[in-house]
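Visitor: After the sequence you'll find the predicted model.
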Amino acid sequence: MVMAILWRKQHQGKNYEVRTAGQSRRLYTDGVFHTQYNPQRFLTGNVWDLLSLPSLFLAPAQCRRVLVLGVGGGTVLQQLAQLFPKAILVGVELDQMHLRLAKRFFLPRSKRIQLIHADALVWIKKYHGHKFDLIIDDMFTEQVGEPRRVAAAALPWFNALLRHTTAQGMLVFNFLCARELRRCAYLHNSKLQRQFAAAYRLTTPVYENNIGVFLRQPAGLQYWRAQLQQHVRLAKEFHAQRHKYRISKLTVL
């Protein structure tokens, strides 16, 4: 697919580009692919789908407040806004240029979407507002042109996020690979495991990323599939590309 440069700027030592590829828009920072959005489609066929699809474990009435740590250009917020049209969506992002580009090129104007320029690690420690039904940790930085997780999914970070999660809520983590997921605190701490009723893993053969999903109330794959069918457009796209999405229970070794 031929790509064209829609917008480009060097800012504070980083190179930002918004490119078009067919009907899609993509955001690159120092060559790292941060966002893809196509107004004609819900699914991107990329990792961001794996971050938004777990939200279907929650009923619409259960998902009233969502927190996304690491906005990028806002793909996940865009998808969640469609899945939960009444939810308040809060995105925290360290890179102010990403927020500007999200508003300009990727996200709809909506009072339901609140973008905050902050270090998410600090923001989480200082936050004392309403709890969230869904928290997504998608925080990455670039190192030699490669993405790196900002916060290790160790016990202190799990506990910090749980303090801001409702009793029926869930946590979603983006891990760069299966090894990184296997190192997360959930798989090695029995006390933490008791904080959750179920856990799942989402992957795609296109990328090495492993998405960890941790639910505080029980929900099975049958329920998830039933929720998927409630979104006609999404279900049609999902079944057309189902080979790209794998979801399974995450078991403790």
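Guide: Nice, thanks for sending it over. None of these values were measured; they are calculated from a predicted model. Numbering: from 1, shown residues only.
Visitor: Residue 88 reaches residue 111, doesn't it?
Guide: No - look at residue 88 against residue 111 with CB atoms under 8 Å: they stay out of range, at 9.1 Å. In this view, the C-beta of every residue, glycine as well, is placed from N, C-alpha and C.
Visitor: more neighbours, the two?
Guide: Between residue 88 and residue 111, counted using other CB atoms under 10 Å, the more crowded position is residue 88 (17 against 6).
Visitor: ok, the nearest residue to the more buried one once chain neighbours are set aside - contacts?
Guide: Spatial nearest neighbour of residue 88, excluding adjacent residues (CB to CB, 6 or more residues apart in numbering): residue 65 at 5.0 Å. Counting by CB atoms under 8 Å, 6 or more residues apart in numbering, residue 65 touches 87, 88, 90, 130, 131, 132, 133, 134, 166.
Visitor: any idea how far residue 34 is from residue 65?
Guide: 24 Å (CB to CB, to the nearest Å).
Visitor: quick one: which of the contacts of residue 65 is nearest to residue 123?
Guide: Relative to residue 123, the closest of those is residue 90; by CB to CB it sits at 9.9 Å.
Visitor: Let's test this: mean pLDDT of the strand or helix carrying the closest one, rounded?
Guide: If you go by DSSP states H and E, residue 90 is part of strand 88-93. The average pLDDT for strand 88-93 rounds to 98.
Visitor: Just give me the residue right at the centre of the protein.
Guide: The geometric centre of the chain, computed from its C-alpha atoms, lies nearest to residue 51 (CA atoms, centre = their mean), at 3.9 Å.
Visitor: Am I right that it sits in a strand?
Guide: No - counting by DSSP: H, G, I helix; E, B strand; the rest coil, residue 51 is located in no strand; its state is helix.
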